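**Q** structure for the following, please:
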Amino acid sequence: MVSAGNSFGLMDGGVDGAITRYFGLDLMDRVQAHIIRQFRGEQPVGTSLIIDTHHPQHPFLAHTPTMRVPMSIATTDNVYQAMWAMLLAIWHHNQSHAQQIRSVACPGLGTATGQVPFERAAKQMALAYKNFWHPPDSISWPFAITRQNAIGAGGD
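**A** Below is the predicted model of the structure:
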């Protein structure tokens, strides 16, 4: 499951609130403790952490901030950055853990509080997925510019 949250692991609204109600407040406490240990109290947008939920049917949560605090991110590439980070976190997890993550439930990133239009969020999420599965053989400025232009957003 993906928690498209905020940088501080405050999981009390929207999908995060549903996740906390389902798994319990202990999960939010452990997410926040991880944020304190790994990120000095603020997990940047563009990162994702995998945490054990202690639930047999849904063993892992990918806490993946789309914004620092609740705000509009409609004109940013935060959705792409979050999706990319989540895919990388799962890929790294699967390279180093016996219990693999084989399927992921991911909400529309940034589409509620973030006010990203559904079509733009879907485009950014799909583009991150496509780019993840088709990495380049080499990197150049034309490659970087083509990728950035495909996203169609880039910060306020």
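**Q** hey, where'd the strands end up in the protein?
**A** Along the chain, counting by DSSP state E, strands occupy 2-3, 49-52, 60-63.
**Q** please identify the deepest-packed of these.
**A** Greatest average neighbour count among the strands of the chain goes to strand 2-3 (a mean of 26), per mean count of other C-beta atoms under 10 Å. Every residue, glycine included, has its C-beta placed from N, CA and C.
**Q** any idea how far Ala62 is from Val69?
**A** 20 Å (C-beta to C-beta, to the nearest Å).
**Q** do Thr20 as well
**A** For Thr20, the distance to Val69 - C-beta to C-beta - is 17 Å.
**Q** hang on, Asn78 packs against Thr64?
**A** No: using C-beta atoms under 8 Å as the test, Asn78 is too far from Thr64 to be in contact (10.3 Å).
**Q** any residues in contact with both of these two?
**A** Contact criterion C-beta atoms under 8 Å, 6 or more residues apart in numbering; residues shared by Asn78 and Thr64: Leu109.
**Q** what residue lies at the spatial centre of the protein?
**A** Thr64 (3.0 Å; C-alpha atoms, centre = their mean).
**Q** now do the contacts for it.
**A** Thr64 is in contact with 2-5, 47-49, 82-83, 85-86, 89, 109, counting by C-beta under 8 Å, 6+ apart.
**Q** distance from the chain centre to the longest helix seen in the chain, please.
**A** Longest among the helix segments of the chain by residue count, using DSSP state H, is helix 78-96. Computed by C-alpha atoms, centre = their mean, to the nearest Å, the chain-centroid distance of helix 78-96 equals 7 Å.
**Q** and that helix, what does it pack onto?
**A** strand 49-52, strand 60-63, helix 118-133 (3 or more C-beta pairs under 8 Å, 6 or more residues apart in numbering; DSSP states H and E).
**Q** Asn94: which of those is closest?
**A** With C-beta to C-beta as the criterion, Asn94 lies closest to strand 49-52 of the helices and strands packed on helix 78-96, at 9.6 Å.
**Q** so which elements touch the closest one?
**A** Short answer (3+ C-beta pairs under 8 Å, 6+ apart): strand 49-52 packs on helix 25-39, strand 60-63, helix 78-96.
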